[in-house]
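J.: Just the structure for this:
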Amino acid sequence: MWSRSLGLQRTAALAFQPFSLFRGTEFPQERSAITVTHELLTIGRISVDIYPNEIGVDLEDVTSFGKYLGGSPSNVAVAAARHGRRTAVITRTGDDPFGKYLHRELRKFNVDDSFVSPVQGWPTPVTFCAIKPPGDFPLYFYRFPTAPDLQINGAELDLAAIKDATIFWSTVTGLCQEPSRAAHLAAHEARPRTELKDGQYTILDLDYRPMFWDSEEQARAEVAKILPHVTVAIGNDKECAVAVGEGTPDEQADRLLDAGVEIAVVKLGPEGVMAKTRTERVVSAPVPVETVNGLGAGDSFGGAFCHGLLSGWPLAQVLDYANAAGAIVASRLSCADAMPTPEEVTALLAERGRLVPAGFSSAGLATEGATP
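T.: Below is the predicted model:
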């Protein structure tokens with residue numbers, strides 16, 4: 001049994017005001033007016049992704065690009081919203097046209113942008129990548145020496161919104177620089193693990209990007225300050241190694257559990273993904289697709305994983321569903337715009353003979369009880 005019930009969803013309404021505590025020039029545009037408790041609230045990176053329209057071409061030879069909403073925590077909020085969840089993101093942009101674009105995109109994807117505001121002095125960051133499938137997708141971050149989303153200040157956070165969110169999601173990248181680092185710690189301290197209600201989760205994406213850190217040791221030290229507040233940790237082999245040291249996936253999962261995490265998710269690359277609790281170990285086999293762009297698959301996995309938790313599904317089914325959602329985005333060009341709907345995920349699961357969550361039988365799909 002899991003130590004926290006999955007089935008209870010919080011229904012109390014709470015009116016949220018625009019995040020005016022982020023002092024800066026407000027964009028002259030209509031703000032979101034969402035008045036319900038968020039099922040998922042993320043914090044951290046946002047950017048404009050500049051992706052080539054030409055596949056298999058070196059970046060210096062690309063002649064045309066498309067722009068998309070990007071940044072892992074923002075993508076996760078979009079992904080969960082595609083599954084019908086009430087989501088929001090806490091972040092900051094530049095006071096510029098790209099910042100306005102990101103507000104517009106968040107609202108387009110039904111993500112509450114009330115906690116997003118501009119900061120003076122730093123432009124909205126952009127991220128370029130080359131798309132050279134099946135496995136070469138180099139990223140180039142234009143966010144140095146800092147970026148607006150690293151200027152989130154702990155004293156300005158709406159701690160009540162953070163505490164009340166059913167799932168609160170943060171990433172290791174948000175710990176790489178002050179004042180974001182202190183803000184993330186303040187956010188986690190606002191929802192102690194011991195005070196979470198049934199159905200509430202605090203998730204840390206172990207998202208480690210070496211270009212943002214002086215050393216792995218520095219990152220490990222900062223992760224250690226956050227883990228005592230975390231109930232779910234998600235990362236690949238390298239990210240888990242940075243967080244808790246080298247070892248087999250099971251050893252890394254066990255170290256995360258020893259740190260107090262209730263669900264440790266370790267991505268196994270071509271072998272799929274494993275999730276482990278103190279009483280259960282499940283592995284979801286890969287869902288093979290023709291890869292177009294591997295970027296964003298992990299964020300799709302994260303949003304779908306949250307949807308599964310909120311739905312109260314068994315852990316094995318949560319993992320399978322999230323795995324399929326990630327595979328779909330890997331088969332598409334963009335990230336946020338590529339996030340799948342529940343119908344698309346369940347169609348892929350059925351096509352591959354995997355279990356499909358109950359409630360989709362009307363579409364002629366396999367349901368629980370089918371042979372996986």
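
J.: Going by C-alpha atoms from here, please, whenever you check contacts or count neighbours.
T.: Noted.

J.: can you pull out the strands in the protein?
T.: With strands called from DSSP state E, the chain shows them at 40-43, 47-52, 65-70, 87-94, 111-112, 116-119, 126-129, 139-142, 167-171, 201-205, 232-236, 263-267, 273-276, 281-284.

J.: for these, which one sits closest to Asp149?
T.: Proximity to Asp149 (CA to CA) singles out strand 87-94 among these, at 4.6 Å.

J.: what's next to that closest one, contact-wise?
T.: Strand 87-94 is touched from outside by 38-47, 73-74, 77-78, 80-81, 99, 110-125, 148-152, with contacts defined as CA atoms under 8 Å, 6 or more residues apart in numbering.

J.: Go ahead and measure how far stretch 252-268 is from the middle of the chain.
T.: From the chain centre to the centre of stretch 252-268 is a distance of 17 Å (CA atoms, centre = their mean, to the nearest Å).

J.: Contacts only, for the nearest residue to Ala183 once chain neighbours are set aside.
T.: Of all residues beyond its chain neighbours, the one nearest Ala183 is Gly154 (3.7 Å), with distances taken as CA to CA, 6 or more residues apart in numbering. Taking CA under 8 Å, 6+ apart as the criterion, Gly154 is in contact with 179-180, 182-184, 186-187.

J.: how about a cut-off of 10 Å?
T.: Taking CA atoms under 10 Å, 6 or more residues apart in numbering, we find Gly154 in contact with 179-187.

J.: any chance of the strands of the chain in JSON lines, plus distance to Leu319, mean pLDDT and mean neighbour count?
T.: Output for those, formatted as JSON lines (distance: least, CA to CA, whole Å; pLDDT from 0 to 100; neighbours: other CA atoms under 10 Å):
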{"stretch": "strand 40-43", "distance to Leu319": "18", "mean pLDDT": "98", "mean neighbour count": "28"}
{"stretch": "strand 47-52", "distance to Leu319": "27", "mean pLDDT": "94", "mean neighbour count": "23"}
{"stretch": "strand 65-70", "distance to Leu319": "24", "mean pLDDT": "95", "mean neighbour count": "19"}
{"stretch": "strand 87-94", "distance to Leu319": "20", "mean pLDDT": "98", "mean neighbour count": "27"}
{"stretch": "strand 111-112", "distance to Leu319": "24", "mean pLDDT": "98", "mean neighbour count": "28"}
{"stretch": "strand 116-119", "distance to Leu319": "30", "mean pLDDT": "96", "mean neighbour count": "26"}
{"stretch": "strand 126-129", "distance to Leu319": "28", "mean pLDDT": "94", "mean neighbour count": "20"}
{"stretch": "strand 139-142", "distance to Leu319": "27", "mean pLDDT": "93", "mean neighbour count": "14"}
{"stretch": "strand 167-171", "distance to Leu319": "17", "mean pLDDT": "98", "mean neighbour count": "25"}
{"stretch": "strand 201-205", "distance to Leu319": "15", "mean pLDDT": "98", "mean neighbour count": "24"}
{"stretch": "strand 232-236", "distance to Leu319": "12", "mean pLDDT": "98", "mean neighbour count": "23"}
{"stretch": "strand 263-267", "distance to Leu319": "9", "mean pLDDT": "98", "mean neighbour count": "26"}
{"stretch": "strand 273-276", "distance to Leu319": "7", "mean pLDDT": "98", "mean neighbour count": "22"}
{"stretch": "strand 281-284", "distance to Leu319": "6", "mean pLDDT": "97", "mean neighbour count": "18"}
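
J.: want to throw those strands into CSV with distance to Lys225?
T.: As requested, those are arranged in CSV below (distance: least, CA to CA, whole Å):
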stretch, distance to Lys225
strand 40-43, 17
strand 47-52, 26
strand 65-70, 27
strand 87-94, 20
strand 111-112, 29
strand 116-119, 25
strand 126-129, 29
strand 139-142, 26
strand 167-171, 13
strand 201-205, 12
strand 232-236, 14
strand 263-267, 17
strand 273-276, 22
strand 281-284, 26
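
J.: Tell me which of the ones you listed lies nearest to Leu333.
T.: Ranking the strands of the chain by distance to Leu333, with CA to CA as the measure, places strand 47-52 first at 8.2 Å.

J.: Each with direction, which strands does that closest one pair with?
T.: Strand 47-52 sits in its sheet next to strand 65-70 (antiparallel), strand 126-129 (parallel), going by DSSP bridges.

J.: Output it as PDB, nothing but the C-alphas.
T.: Once side chains and other backbone atoms are set aside, the C-alpha atoms of strand 47-52 remain, and they are given as PDB (Å, rounded to 0.1, in the frame of the first residue of the first chain):
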ATOM      1  CA  SER A  47      11.500  30.300 -22.000                       C
ATOM      2  CA  VAL A  48      10.800  30.600 -25.700                       C
ATOM      3  CA  ASP A  49      11.900  27.500 -27.500                       C
ATOM      4  CA  ILE A  50      13.300  28.300 -31.000                       C
ATOM      5  CA  TYR A  51      13.200  25.000 -32.900                       C
ATOM      6  CA  PRO A  52      14.300  24.400 -36.500                       C
END
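
J.: so where's the stretch 51-200 of the chain uncertain?
T.: Applying pLDDT under 70 to the stretch 51-200 of the chain flags no residue at all.

J.: For it, which segments are assigned as helices?
T.: Assignment of helices within the stretch 51-200 of the chain using DSSP state H, counting those that start in this stretch yields the ranges 72-82, 97-108, 159-164, 180-189.

J.: mind listing what's buried in the second one?
T.: Neighbour-count burial for helix 97-108 flags 98-100, 102-107 (criterion: 16 or more other CA atoms under 10 Å).
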